[in-house]
Every structure is written in C-alpha cells, then in structure tokens.
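K.L.:
I'll drop the sequence and a predicted model, then ask my questions.
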Amino acid sequence: MASGVKPRVKVPKKAAAGDVITIKTLISHKMESGQRKDKEGNVIPRSIINRFTCDFNGENVVDVMLEPAISTNPFFEFEAKVPEAGEFQFTWYDDDGSVYEANKSIAIG
Amino acid sequence: MELTRRNAIFLGAGAVVASGLPAFASTATDDAIAAFTGGAEVGAGDLSLTAPEIAENGNTVPIEVASATAVEIMVLAAGNPTPSVATFKFGSLAASRNASTRIRLAGTQDVVAIARLEDGSFVRASSTVKVTIGGCGG
C-alpha cells in the first residue's frame, strides 16, 4: 500500500429531492507513472490508482478507469442526481490491490 | 567517412526511419481509438473538451469533458509515451455527462476525447495544448 493515502470528498450536507449536486474528490497518491527513472537509471515501477467509482445507495454515478497519465493526487469533479436521502460511496482501487473508501451521507431538506 | 554512393543511400534510409517515429506514436493513438470504438466511424458532434491553450506545467493540466448524451468518454493524449489517459463511464445517477480531472502531458500535443453516445455512435473532440515543462520525468 502506498503510504499517506488520504481520500477527501466534498459533498453538500443537504439537498432537495431530485436536486443536482456537484461532487469534488481528491485523493493523495503519488501516481508513479512507470516512466520515471531514479538516480541509477533504473525505472521506478508503476504504482497508480487504476479505478475510481462513485455510487449512491448502490446505484452507480461514475466509474473512471485511470491510466498513468493522470496527475499526482487524482482529482475528479462531476455532477450527481439525489433522488432521496442516502449515502455516497467513493472507492479507489490501487495497483497493489488495496482499496480506499470514503462515505458521505446527504439529507433531504 | 567518404561520402560514397552506398553511404549516401544508408543516410537516406536512416532519415526515413527517423521521420517515421512520430507516425508510430500516432498509430498507438489510432489503435486505442479503434479498440474503444470497435472500428466504428467517429464523427463530430455532441462532445466538448476543455483544456488550456498553454500549460506551464505538464504535470497537472486541468481538462474537462462535457456531452449531453454520452455513455462513456475516453480521453487520449496523442503525444504521451502511452496515449491512454482515462475513461469515464456515466451511471444512472450521473446528473450530467460532465467530468473534470487533471492530467499529465509529456509535451505540446493534441488531447483527444472520444465519446460513445446513447445511440451507439461515436464522436470526437480534440484540443491542442502547448506545454512548457513536460510531465513525464526524465
């Protein structure tokens, strides 16, 4: 597991039913591309997050496949519909098999 | 080395190989597009790609893709060592088919987005980004 991985998600606390909200996510990760070389000229092996998903109450919002060309600390911004109160689940999948998760609940009001 | 007739031919052949290299890079992009579309024709239409005209730092270039009816959008950087950048799939609760992220660009190049629309057709949008410092390390 890459060290110091910390997901951060920005979701409004409240929305009206059927509202469209903007979600911003950022996860600290070095996203080693596998193209760089160290001082001795050895290639630094690839270590990236290769998939990011966002679901709301089990229904999919976005599913992104990431490649090494995504910047360090991958950032995503997208819009979601909120049909009812519930919880957003955010999941990041690392190359080494680790999975990072974050949850944010949203109320209707 | 004397410039004989034989050497001149070799030099000419070398020049052809060298000039063939950029063409090879764009082949990788074409392959990635073909793999995504399954060989279907790619038109222009309901897809926009927003990227800065000049990026000072190729390590983080903000881009945005937007479309009204896309199911899936693939982003490619034609001049990177590996052209694939990301593929966005929009689920049933995606309010709009817009997404933004930050990408790495190795140098000045075209960023290409290909979208699969709800009716199964494919559209393409591209934007040229000038990069002052490349983002692939050295």
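P.N.:
Arrived safely. Numbers count the residues shown, from 1 in each chain, chains lettered A, B, ... in the order given.

K.L.:
check contacts around whatever residue of chain B ends up closest to chain A.
P.N.:
Residue of chain B nearest chain A, by Cβ to the nearest Cβ: B:Gly91 (2.8 Å). Where C-beta positions appear, they are placed from N, C-alpha and C, glycine not excepted. Residues in contact with B:Gly91 (Cβ atoms under 8 Å, 6 or more residues apart in numbering or on different chains) are A:55, A:59-63.

K.L.:
show me which residues of chain A are close to chain B?
P.N.:
For chain A, the residues in contact with chain B (Cβ under 8 Å from any Cβ of the partner chain) are A:20-21, A:33, A:35-37, A:55-56, A:59-72, A:74-81, A:83.

K.L.:
and the longest strand for chain B?
P.N.:
Longest strand in chain B by number of residues (criterion: DSSP state E): strand B:122-133.

K.L.:
direction included, what does it pair up with?
P.N.:
When sheet partners are counted by DSSP bridges, strand B:122-133 sits next to strand B:42-43 (parallel), strand B:54-57 (parallel), strand B:109-117 (antiparallel).

K.L.:
quick one: closest of those strands to A:Lys10.
P.N.:
strand B:54-57 (23.8 Å; Cβ to Cβ).

K.L.:
and for that closest one, what's in contact with it?
P.N.:
Under Cβ under 8 Å, 6+ apart, the answer for strand B:54-57 is B:61, B:105, B:129-133, B:135.

K.L.:
how does it look with 6 Å?
P.N.:
Contact partners of strand B:54-57, identified using Cβ atoms under 6 Å, 6 or more residues apart in numbering or on different chains, comprise B:61, B:129-133.

K.L.:
show residues contacting the strand or helix carrying A:Glu79.
P.N.:
Counting by DSSP states H and E, the element that carries A:Glu79 is strand A:75-82. By Cβ under 6 Å, 6+ apart, the residues outside strand A:75-82 that reach it are A:15, A:19-26, A:61-62, A:106, B:93, B:95-96, B:99-102.

K.L.:
downstream of that strand, the next helix or strand is which one?
P.N.:
Next along from strand A:75-82, by DSSP H and E: strand A:86-94.

K.L.:
over to A:Thr72. Which of the three states is it?
P.N.:
coil (DSSP: H, G, I helix; E, B strand; the rest coil).

K.L.:
pretty sure it contacts A:Met31?
P.N.:
Yes: using Cβ atoms under 6 Å, A:Thr72 is in contact with A:Met31, at 4.9 Å.

K.L.:
among the strands paired with strand B:122-133, which is the most enclosed?
P.N.:
strand B:109-117 (a mean of 23; mean count of other Cβ atoms under 10 Å in any protein chain shown).

K.L.:
quick check: A:Ile23 vs A:Glu87, distance?
P.N.:
13 Å (Cβ to Cβ, to the nearest Å).

K.L.:
these two: who's more crowded?
P.N.:
Between A:Ile23 and A:Glu87, counted using other Cβ atoms under 10 Å in any protein chain shown, the more crowded position is A:Ile23 (22 against 13).

K.L.:
list of residues touching the helix or strand hosting the more buried one?
P.N.:
Secondary-structure element containing A:Ile23, defined by DSSP H and E: strand A:19-27. Residues from elsewhere that reach strand A:19-27 (Cβ under 6 Å, 6+ apart): A:7-12, A:15, A:74-82, A:90, A:92, B:95.

K.L.:
can you pull the buried residues of it?
P.N.:
Neighbour-count burial for strand A:19-27, with 16 or more other Cβ atoms under 10 Å in any protein chain shown as criterion, is recorded at A:21, A:23, A:25-27.

K.L.:
quick check: next helix or strand after it?
P.N.:
Assignment by DSSP H and E places the next element after strand A:19-27 at strand A:49-56.

K.L.:
beta partners for A:Ala15?
P.N.:
Beta-bridge partners, per DSSP bridges, of A:Ala15: A:Ile108.

K.L.:
in chain A, what helix or strand scores lowest on average pLDDT?
P.N.:
strand A:14-15 (a mean of 90; mean pLDDT, DSSP states H and E).
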